[in-house]
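J.: give me a 3D structure for the following:
(chains A and B)
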Amino acid sequence: MDQQTEQPLFELQVDYDSGNTIKEMSKWARFISITYMVIMGLLLIAMIFASTAAIEFVSNLRPEIAGLGAIAFGIIILAVGVFIFIAIQLYRFADMTRQGVERQDQELFNSGLKSLKTYLMVSGIVGMLSLALNILVTILKATGSALLETTY
Amino acid sequence: MDQQSVNLFDLQLDPQALSALNETARWNKFMSIVWFVFCGLMAAGAIFFGAYIGTELSGDATTNPFAGASAAFVSLFYLFITAIQFIPTIFRYKFSVKMIRAIRNTDQLLLNESLNQLRNYSKYWGIVTIIVVSLYAIGFIFLIFGLLIGMAAGGL
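T.: Now for the predicted structure:
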């Protein structure tokens, strides 16, 4: 009785239903993360092979902007790196929570939830940044074309 | 021994897990609201862009019978893209709201419902990934097929 009063009567727990839900969720998350990692890997390989030729082509065509090619390449590599990090977090979530539920391992389960938090936070920020960038480009394009129309 | 009979499942949402889930849910709520706003803007943009294309092409309506149809197609295409993003945002929002309430009220049912929404979210993106990868694979096959035909025609 003493033991029961020390603990809250109604604790949130991973019961049969939520355990099954988490297991199914982790299967999908695992599939998505592996697919993203493969796609990013292929993109990285393609970038490495194509970058030298692309930079050389740009420097031959417009030598004054030759440095921009290398900068663009760096930005793309950085973006790929961020996406790989996101995919790894998703994979960690899927793997750790599934194992946590199956083995009833509290520590693994908590680590999985932390990875989920990181995944959702980083992917959300990246998504919003890309959207904001798109909107900015659209506004700049519209302003530019409006200015051109008024000038000529 | 008594405790073991009470908790059939040893896995508890301890303070550490609850803190991670709570932070995830709060962050997700904010993100989903932002995405709702973006989806609204995208939908409005799709309609206005379609109307703009329609007016631009209306001069050609006599020569081009598909002018109106192409404007409608542009609008519908962007609305479709918006819908693809809107559906998971609903799952995400429901997950966050239910999770926050479940933690606040220590409600197991709400917790399960909330996790269900997150499962739907993962499932949705999984299916979208399968469709997109399949479309790329089909495109790639057509590309190779086209190249082979082109090479064969060039050889002839």
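J.: and the helices in the chain?
T.: Using chain A here. In chain A, the helices defined using DSSP state H lie at A:2-6, A:16-61, A:66-103, A:106-151.
J.: my question was about chain B, not that one.
T.: Using DSSP H, helices in chain B cover B:2-6, B:15-58, B:67-105, B:108-155.
J.: redo these as a markdown table? Include mean neighbour count and mean pLDDT.
T.: Yep, even glycine has a C-beta here, placed from its N, CA and C like the rest. Listed next are the helices of chain B as a markdown table, based on neighbours: other C-beta atoms under 10 Å in any protein chain shown; pLDDT from 0 to 100:
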| stretch | mean neighbour count | mean pLDDT |
| --- | --- | --- |
| helix B:2-6 | 9 | 43 |
| helix B:15-58 | 17 | 86 |
| helix B:67-105 | 17 | 90 |
| helix B:108-155 | 14 | 92 |
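J.: so which of those helices is nearest residue A:16?
T.: helix B:108-155 (9.7 Å; C-beta to C-beta).
J.: separation between the residue sitting nearest the centre point of chain A and residue B:121?
T.: Geometric centre of chain A, nearest residue: residue A:86, 3.3 Å, by C-alpha atoms, centre = their mean. Counting by C-beta to C-beta, to the nearest Å, the separation of residue A:86 from residue B:121 is 15 Å.
J.: cool, and residue B:45?
T.: In this view, residue B:45 and residue B:121 are 25 Å apart by C-beta to C-beta.
J.: got it, and residue B:36?
T.: Distance, residue B:36 to residue B:121, using C-beta to C-beta: 15 Å.
J.: on that earlier part again, save the helices of chain B as JSON lines, and put in distance to chain A too.
T.: Formatted as JSON lines, the helices of chain B follow (distance: least, C-beta to the nearest C-beta, whole Å):
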{"stretch": "helix B:2-6", "distance to chain A": "6"}
{"stretch": "helix B:15-58", "distance to chain A": "4"}
{"stretch": "helix B:67-105", "distance to chain A": "7"}
{"stretch": "helix B:108-155", "distance to chain A": "4"}
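J.: out of those, nearest to residue A:141?
T.: Closest to residue A:141 of those is helix B:15-58 (C-beta to C-beta; 13.0 Å).
J.: so what secondary structure elements neighbour the closest one?
T.: Packing partners of helix B:15-58 (3 or more C-beta pairs under 8 Å, 6 or more residues apart in numbering or on different chains; DSSP states H and E): helix A:106-151, helix B:67-105.
J.: need the phi and psi values for residue B:13.
T.: Main-chain dihedrals, residue B:13, degrees, to the nearest 10: phi -90, psi 90.
J.: residue A:19 is in contact with that one, correct?
T.: No - checked against C-beta atoms under 8 Å, the pair residue B:13 and residue A:19 is beyond contact range at 12.0 Å.
J.: please say which of these two ends up with more neighbours.
T.: Shown here are residue B:13 and residue A:19; by other C-beta atoms under 10 Å in any protein chain shown, residue B:13 has more neighbours (24 against 21).
J.: for the residue nearest to that one when sequence neighbours are not counted, list the residues it contacts.
T.: Of all residues beyond its chain neighbours, the one nearest residue B:13 is residue A:12 (4.1 Å), with distances taken as C-beta to C-beta, 6 or more residues apart in numbering or on different chains. Listed by C-beta atoms under 8 Å, 6 or more residues apart in numbering or on different chains, the contact set of residue A:12 reads B:12, B:13, B:18, B:102, B:103, B:106, B:108, B:111.
J.: thinking again about what came up before, tabulate the helices of chain B (a markdown table), appending distance to residue A:60.
T.: Listed next are the helices of chain B as a markdown table, based on distance: least, C-beta to C-beta, whole Å:
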| stretch | distance to residue A:60 |
| --- | --- |
| helix B:2-6 | 75 |
| helix B:15-58 | 38 |
| helix B:67-105 | 37 |
| helix B:108-155 | 26 |
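J.: for residue A:50, find the nearest of those.
T.: Residue A:50 sits nearest to helix B:108-155 of all these, at 16.7 Å, using C-beta to C-beta.
J.: what angle separates that closest one from helix A:106-151?
T.: 60 degrees (axes from the mean of the first three to the mean of the last three C-alpha atoms, to 10 degrees).
J.: could you check the angle helix A:66-103 makes with helix B:108-155?
T.: Counting by the same axes, to 10 degrees, helix B:108-155 points 130 degrees away from the direction of helix A:66-103.
J.: which elements pack onto helix B:108-155?
T.: Under the contact criterion of 3+ C-beta pairs under 8 Å, 6+ apart, helix B:108-155 touches helix A:16-61, helix B:67-105.
J.: roughly how far does residue B:121 sit from residue B:113?
T.: Residue B:121 is 13 Å from residue B:113, by C-beta to C-beta.
J.: should've said residue B:83
T.: In terms of C-beta to C-beta, residue B:83 sits 24 Å off from residue B:113.
J.: now swap in residue B:102 and tell me
T.: For residue B:102 relative to residue B:113 (C-beta to C-beta), the value is 8 Å.
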